[in-house]
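Trainee: sequence? don't have it. structure:
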Ligand code: VG1
Ligand code: CO
C-alpha cells in the first residue's frame with residue numbers, strides 16, 4: 001500500500017519569512033508539493049506513531065494538498081493526523097491544537113494575506129511541537145533536503161471525506177476530522193471576560209468584523225455573534241472562499257478600505273476590525289481613528305491586566321525590529337523586559353517558551369501572546385474589546401490617553417511591490433555598501449547617529465541571524481528601516497519603515513504622513529528609492 005516514488009529536486013523551495021509561498025501553477029508542477037512535504041518529514045526526527053495536525057486557510061488547492069499530506073503522513077509512519085473539518089484551521093487555531101493535544105507538530109497550508117485562486121498564491125509551512133513556526137535551523141534543514149531529494153513516500157488511499165467530523169483509518173493511520181473552531185473558542189473564553197463582553201454588546205455597542213472571505217469567518221461568527229451575542233451582521237464576508245472573493249485577504253488600508261471608510265463615516269460603528277487569509281493578523285479601527293499596529297501592541301500590553309488571562313501582569317514584551325518603539329516605553333514603565341527580534345513570528349518562539357515574553361507584536365498587524373505560538377488576529381480583537389469593556393471607554397479615548405502618557409511614535413510603512421528583483425537587489429547592495437560612511441552625515445537637516453544591518457542574537461539558544469534589515473538611526477531617536485519582503489511570490493517588495501517620536505501632547509493630532517514628511521524624503525535621499533525602482537510613490541502606505 002505504500003509507494004516510494006522517484007522524484008527530482010526543485011531548486012526554488014527555500015522557505016521565506018513564513019513557509020514556502022509560490023503561485024498555484026508552481027505548486028501544481030509534478031511532485032512539487034510532495035517534494036516539499038517529504039523534505040519536511042526528512043528534516044524531522046522521532047515522529048513514528050505520533051500525531052500530526054493538518055489544516056489550512058481554505059484557499060484554492062487546499063483540499064488537494066491536504067489529501068496528499070494525509071497519504072504521505074501515513075506512508076512516513078505517523079500514527080495519527082488531526083485535520084480541520086473542510087481542511088480549515090486558522091494559523092492560531094492550528095497552533096493551539098498542536099499544543100492542546102501535545103502532538104508532534106503540524107502542517108499549515110496558507111499563503112496568508114496573499115491572494116488566492118488558480119493563478120494566485122499557495123503556501124506550506126511546518127509548525128513544531130511547541131505550536132510555533134519552524135525555527136531557522138529547521139527551515140534551513142528542510143531547504144537543504146529539497147535540493148537533494150530523490151524520492152517520496154505515499155500511501156495508496158482513497159481520498160478522505162474531510163467534511164465529516166469523526167475518525168477513520170487510512171493507510172494504517174488514524175485520521176481524525178475535528179471541529180476547527182471549538183478548541184480555539186474555548187481557549188478565548190478562558191482568557192477574556194466573556195460576561196463583560198456580552199454586557200457590552202447588550203448595551204448597544206456596535207462592531208464590524210470583516211473576515212475578508214478568509215479563514216477567520218467561522219471563528220468570528222461563533223465567538224462574536226453566537227457566544228457573545230453581537231447582532232447578526234456584525235461579521236461580514238465570513239464565508240471562506242477559495243479565491244477570497246477575488247480580493248487580497250490583507251487587512252490593510254488598501255484592501256480593507258471599505259472598512260476604513262465605514263469607520264470614518266458619519267454612522268460609524270463603535271469598533272471595526274478585520275483579519276487576514278489565515279487569521280493571524282488584525283486590523284483595528286476605532287470610530288474615527290485608525291490604530292497603527294505598532295501602537296496597538298503597545299496599548300494591548302499596557303492594558304493587558306484588564307483581561308482575566310493576563311491579570312497577573314506580563315513577563316516581558318517582544319517586538320520585531322521594524323516595529324515602532326511604542327512598546328518599549330510600556331515595558332519600561334512596567335519594569336519588564338523588552339526584546340527586539342527579526343521580522344517573522346518564528347523568532348518569538350524561544351522567548352515565549354522560556355517565559356521571557358508574554359505579549360509579542362509586529363508592525364505588520366500581527367499581535368499575540370503566550371496562549372499560542374503564532375500571532376492571533378481574533379485574540380487581538382477580543383483583547384481590545386475586553387479593554388474597552390473594562391475601561392468603559394471608546395477606542396479613541398484609550399489611544400489618546402496612551403499617547404498623552406507615553407508620547408506618540410508616529411509610524412508608517414511604505415511598500416513598493418513587485419519591483420524587478422535586480423533593481424531591488426541593487427538598491428539594497430548600494431545601501432549596504434555605504435552604511436559605514438553614513439554616521440555623522442546630515443540629510444534634510446537631520447544628523448545620522450548610526451546605521452547598520454540588523455543582526456539578532458537569540459538570548460535563549462545563542463543562534464545568530466544576520467542581514468535582517470538595514471537601520472538608519474538619526475540623532476533624537478527617529479529612524480528609517482529598509483528590508484526586502486520574504487513572503488512575496490513575484491518580483492521583490494521593498495519595505496520602508498519610518499518612525500519619529502513625539503513627546504509633545506499638543507502635537508499628537510498631526511496627519512501621520514505629514515508628521516513624517518522629512519524622514520520620508522530622507523529615506524529616498526539615502527536609498528535612492530525613486531531612481532532604483534522607477535516608481536514615484538509606494539504601492540501601499542500603512
Ligand atoms: C510579512 C510581515 C511579517 C510577517 C510575515 C508573515 O513578512 O512583514 O511581519 O511575520 O509577513 O505574516 P515580509 O517578509 O513580507 O515582510 V503572514 O500573516 O503573511 O503569515
Ligand atoms: Co497571516
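Mentor: On my side now, so go ahead. Just so we're clear, the structure is a prediction, and the values are computed from it rather than from any experiment. Ligands and ions are numbered 1, 2, ... in the order given.
Trainee: those residues of the protein touching ligand 2, which are they?
Mentor: The chain comes close to ligand 2 at residues 112, 276, 278, 280, as judged by Cβ under 5 Å from the ion. The way it works is simple: take the backbone N, C-alpha and C, and place the C-beta from them, glycine included.
Trainee: I'd like to know which of those residues is nearest to ligand 2.
Mentor: The closest of the residues of the chain next to ligand 2 to ligand 2 turns out to be residue 112 (Cβ to the ion; 3.2 Å).
Trainee: same list, the residues of the chain next to ligand 2, but as JSON lines with secondary structure and pLDDT please.
Mentor: What follows is those, written out as JSON lines (DSSP: H, G, I helix; E, B strand; the rest coil; pLDDT from 0 to 100):
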{"residue": "112", "secondary structure": "coil", "pLDDT": "95"}
{"residue": "276", "secondary structure": "coil", "pLDDT": "96"}
{"residue": "278", "secondary structure": "coil", "pLDDT": "97"}
{"residue": "280", "secondary structure": "coil", "pLDDT": "97"}
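Trainee: adding neighbour count and distance to residue 317, write those out as JSON lines.
Mentor: Formatted as JSON lines, the residues of the chain next to ligand 2 follow (neighbours: other Cβ atoms under 10 Å; distance: Cβ to Cβ, whole Å):
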{"residue": "112", "neighbour count": "28", "distance to residue 317": "23"}
{"residue": "276", "neighbour count": "34", "distance to residue 317": "22"}
{"residue": "278", "neighbour count": "34", "distance to residue 317": "24"}
{"residue": "280", "neighbour count": "34", "distance to residue 317": "18"}
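Trainee: can you tell me which of these lies nearest to residue 251?
Mentor: The closest of those to residue 251 turns out to be residue 276 (Cβ to Cβ; 5.4 Å).
Trainee: and the residue lying closest to the closest one once chain neighbours are set aside, how close does it get to residue 300?
Mentor: What sits nearest to residue 276 in space, not counting adjacent residues and going by Cβ to Cβ, 6 or more residues apart in numbering, is residue 113, at 4.3 Å. Residue 113 sits 20 Å away from residue 300, taking Cβ to Cβ, to the nearest Å as the criterion.
Trainee: residue 291 too?
Mentor: Remark: distance between residue 291 and residue 300 (Cβ to Cβ) = 10 Å.
Trainee: of these two, who's got more company?
Mentor: residue 300 (29 against 22; other Cβ atoms under 10 Å).
Trainee: the more buried one against residue 359, yeah?
Mentor: Yes. Between residue 300 and residue 359 there is a contact at 6.4 Å, judged by Cβ atoms under 8 Å.
Trainee: anything in contact with each of the two?
Mentor: Shared contacts of residue 300 and residue 359, defined by Cβ atoms under 8 Å, 6 or more residues apart in numbering, comprise residue 367.
Trainee: isn't there a helix covering residue 221?
Mentor: Yes. Under DSSP: H, G, I helix; E, B strand; the rest coil, residue 221 sits within a helix.
Trainee: what's the local residue count around it?
Mentor: Residue 221 has 20 neighbours, counted by other Cβ under 10 Å.
Trainee: residue contacts, it?
Mentor: 235, 238.
Trainee: what does the model give it for pLDDT?
Mentor: pLDDT, residue 221: 97.
Trainee: what of residue 310?
Mentor: For residue 310, the pLDDT comes out at 98.
Trainee: could you do residue 489 as well?
Mentor: Predicted confidence (pLDDT) for residue 489: 82.
Trainee: what's the answer for the one 3 residues further on, then?
Mentor: In the prediction, the pLDDT value recorded for residue 492 is 93.
Trainee: give the partner strands of the least confident helix or strand in the chain by mean pLDDT in its sheet and their orientations.
Mentor: The weakest-scoring helix or strand in the chain, judged by mean pLDDT, DSSP states H and E, is strand 540-541 (a mean of 90). Take DSSP bridges as the rule and strand 540-541 pairs in its sheet with strand 408-419 (antiparallel).
Trainee: following element in sequence after the helix or strand containing residue 499, please.
Mentor: Assigned by DSSP states H and E, residue 499 belongs to strand 492-502. As assigned by DSSP H and E, the chain's next helix or strand after strand 492-502 is helix 512-515.
Trainee: can you list contacts of the following helix or strand past that following helix?
Mentor: Per DSSP H and E, the first helix or strand lying C-terminal to helix 512-515 is helix 517-527. Contacts with helix 517-527, where a contact means Cβ under 8 Å, 6+ apart, come from 412, 414, 427, 430-431, 438, 443-446, 472, 474, 478, 480, 482, 496, 498-500, 513, 529-530.
Trainee: contacts only, for the closest residue to residue 200 other than its chain neighbours.
Mentor: Excluding its sequence neighbours, the residue lying closest to residue 200 (Cβ to Cβ, 6+ apart) is residue 389, at 4.4 Å. Residues near residue 389 by Cβ under 8 Å, 6+ apart: 193, 196-197, 199-200.
Trainee: can you select the buried ones from those residues in PyMOL?
Mentor: To isolate the buried ones among the contacts of residue 389 in PyMOL, judged by 16 or more other Cβ atoms under 10 Å, type:
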select buried, resi 193+196+197+200
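Trainee: which of the contacts of residue 389 sits closest to ligand 1?
Mentor: residue 197 (25.1 Å; Cβ to the nearest ligand atom).
Trainee: residue numbers of this structure in contact with ligand 1?
Mentor: The chain comes close to ligand 1 at residues 17-18, 112-113, 276, 280-281, 320, 343-345, 362, 364, 366, 485-487, 495, as judged by Cβ under 6 Å from any ligand atom.
Trainee: all strands of the stretch 1-150 of the chain, in order?
Mentor: Secondary structure of the stretch 1-150 of the chain (DSSP state E, counting those that start in this stretch): strands at 2-6, 20-23, 51-56, 80-88, 105-109, 121-127.
Trainee: with the stretch 351-500 of the chain instead?
Mentor: Using DSSP E, counting those that start in this stretch, the strands of the stretch 351-500 of the chain run over residues 359-362, 366-369, 408-419, 442-443, 446-453, 456-457, 464-465, 470-474, 479-484, 492-502.
Trainee: so which of those strands gets nearest residue 108?
Mentor: For those, the distance to residue 108 is smallest for strand 366-369, at 14.9 Å, taking Cβ to Cβ.
Trainee: not counting that closest one itself, show me its contacts.
Mentor: Against strand 366-369 from outside (Cβ under 8 Å, 6+ apart): 92, 280-282, 293, 296-297, 300, 304, 309-310, 345, 348, 358-361, 374-376, 379-380.
Trainee: same thing but at 6 Å, please
Mentor: 281, 297, 358-361, 375-376, 380 (Cβ atoms under 6 Å, 6 or more residues apart in numbering).
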